Each structure stands twice: as C-alpha cells, then as structure tokens.
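**Q** Any chance you could fold what I've pasted below:
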Amino acid sequence: MGLFKEFKDDFSQAVNELVPGDVPEREAEPKAQAQTADNLVVDTIGENVDVASELSKLDGLLEHVEEQPQETAVPRPTPSENFAEQTIKNLQEEEQVAQMNEIPAVNNIPEVNNTFISGEVQDETSVITASTVLTGDLQSSGSFDIQGTINGNVMCNGKIVVTGTVNGNTNSSEFFADVAKVEGEISSTGTVKIGAGSVIIGNISAASAVIAGAVKGDIDVQGPVVVDTSAVIMGNIKSRSVQINNGAVIEGFCSQTYADIDVQGLFEGK
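**A** The predicted model follows:
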C-alpha cells in the first residue's frame, strides 16, 4: 500500500496547486482508464474537477483492490511436458510388446533335420586332426577325414578317409584307409580301399574292394575284389569275382558266390 499512498499524496498536491481559472483552455484529450472492479473512469484533465469527489473515488478503488483475494495460478502442463509424457508411455508399451514377442510359441517348435536319416549326402567334410583323440560315436550327413584317434563307432552318409586310428565300427558310402589302423567292422554301400601299410582287424562288407594292406577278417563283397601284391589276408573271401596279384598272401578260401554263372548246373548230369 506504500506505493498507492505516495501516488495519492502526489495526486492531491498537484490538484491543490491548480486553480480552476488558471487552467488554460485547450482541446480535451481523451484518456480513459478502464477499471475492472466497478468500471470507474477518473478524469484528471477536464475542467472544474471536484477534488474531494475524485479523491474519495480513488480511495474506494484502492480499498477495493486491496480487498480482492489473490488467485493462485495453477500451473498447467506445457505442450512439451505432454509430449514427453506421451513419448514415455509409447516407449513402455513398445517394450511390453517386444517382451511378449520374445516368448516362443508352443506350436512353433522347429522341425528336426532328418537329412542324415533320409540318406542325403551333404557336401562337407569333418576333419579330425592328428593331435585329436575322441571317445564316443561320431555321426554326420557329410564325410569324415580322420587323422587322429577315434574310440567309438563312426557313421556318415559320405566318405570316410582314415589315416589315423579307429577303434570301432564304421559305416559309410565309401571307405579308404591309408597307413591306418582300424579295429572293427567296415561296412560300405560303395567301394572299400585298404592301402599299403594299413592294418584292419575286422570283417569287411562292401559293393567292391581293393586290398593292398593287411586284413584279419572275412571279406564279403557283392562285386569284384582285387587283392594286390602287398596284401595279406587272414580270412575268407566271398565275391562275384576275385583278382589275386602275384605276391599276395591269403590264408582262407575264396568263393565267387555272387557270380552270374550257375556253377552247380555245369556239373549236373555228369
């Protein structure tokens, strides 16, 4: 109220100094001040001003302004605050949806790859290095190159090449041993080749065979068998045909059981 009181005193002093006859005649300049409380208009420029009346109006206006309660402004969220809240809400909803999508469905169980079971040969070779020793069975839809030691059975749809040691049975589409040691049965749907310097202890069954190493076991081959000069075989040979090169050693009998010739029919009636 100090500011309003000083304004009132200054205004009163200025009015008292003015005499109605001394005020020069001039065109009145419109100057209206809107009062929001009682729509009051104070004219301090016009002639014949009633000082007491104007001062009483001013006192009433000041008292009215003093008595008005001050309204507490309630801060409203700015557009930027609303945008930030909406953005956070959207991110939370997206995170919940992402977590739900990470849960695997019970019905979407991946199918088991039956490539090996169906017998298809994959164009890949698993190499067992010379310094590797594995204990357990091996299985692949491709091929094996065994340079180390395997203590277990080996099965694949492709080819098995052994330049190391296998203590177990083998089953493949082709088999080749080169300066290798195999203790177990060898089964192949194709050709079996036993190179010089290899030692096989076990039976051999295949579609065809070439023997240049040492074999202790029976050889059952649906097609031809070639026994090379360096071969040593302790066992029987059953095949369609057999070729024994000079120098080979065979302790057992050879039978062309699968030959196309009817051997028994040739001697009937004789």
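**Q** Val225 and Asp218, how far apart?
**A** 12 Å (CB to CB, to the nearest Å). (Glycine included, C-beta is placed from N, CA and C.)
**Q** The two - which one has more neighbours?
**A** With neighbours defined as other CB atoms under 10 Å, Val225 and Asp218 compare such that Val225 has more, 25 against 17.
**Q** Confirm that that one sits in a helix.
**A** No. Looking at Val225 with DSSP: H, G, I helix; E, B strand; the rest coil, it is strand, so not inside a helix.
**Q** Show me what secondary structure element comes after the helix or strand of the chain with the lowest mean pLDDT.
**A** Lowest on mean pLDDT, DSSP states H and E among the helices and strands of the chain sits helix 115-118, with a mean of 44. Counting by DSSP states H and E, the next helix or strand C-terminal to helix 115-118 is strand 125-128.
**Q** For the helix or strand following that following strand, which helices and strands make contact with it?
**A** Next helix or strand after strand 125-128 toward the C-terminus (DSSP H and E): strand 133-135. In terms of contacts (3 or more CB pairs under 8 Å, 6 or more residues apart in numbering; DSSP states H and E), strand 133-135 is packed against strand 149-151.
**Q** need the contact list for Thr129.
**A** Residues counted as contacts of Thr129 (CB atoms under 8 Å, 6 or more residues apart in numbering) are 147-148.
**Q** on that earlier part again, which neighbours do Val225 and Asp218 have in common?
**A** Shared contacts of Val225 and Asp218, defined by CB under 8 Å, 6+ apart, are found at Ile237.
**Q** Not counting residues beside it along the chain, what's closest to Val221?
**A** Distances taken as CB to CB, 6 or more residues apart in numbering place Ser239 nearest to Val221, at 4.4 Å, with adjacent residues excluded.
**Q** I misspoke; the intended subject was Thr135.
**A** Asn151 (4.4 Å).
**Q** wait, that neighbour sits on Asp137?
**A** No. In this structure Asn151 lies outside contact range of Asp137 using CB atoms under 8 Å: 9.7 Å.
**Q** which residues are in contact with both of these two?
**A** Common neighbours of Asn151 and Asp137 (CB under 8 Å, 6+ apart) are Gly168.
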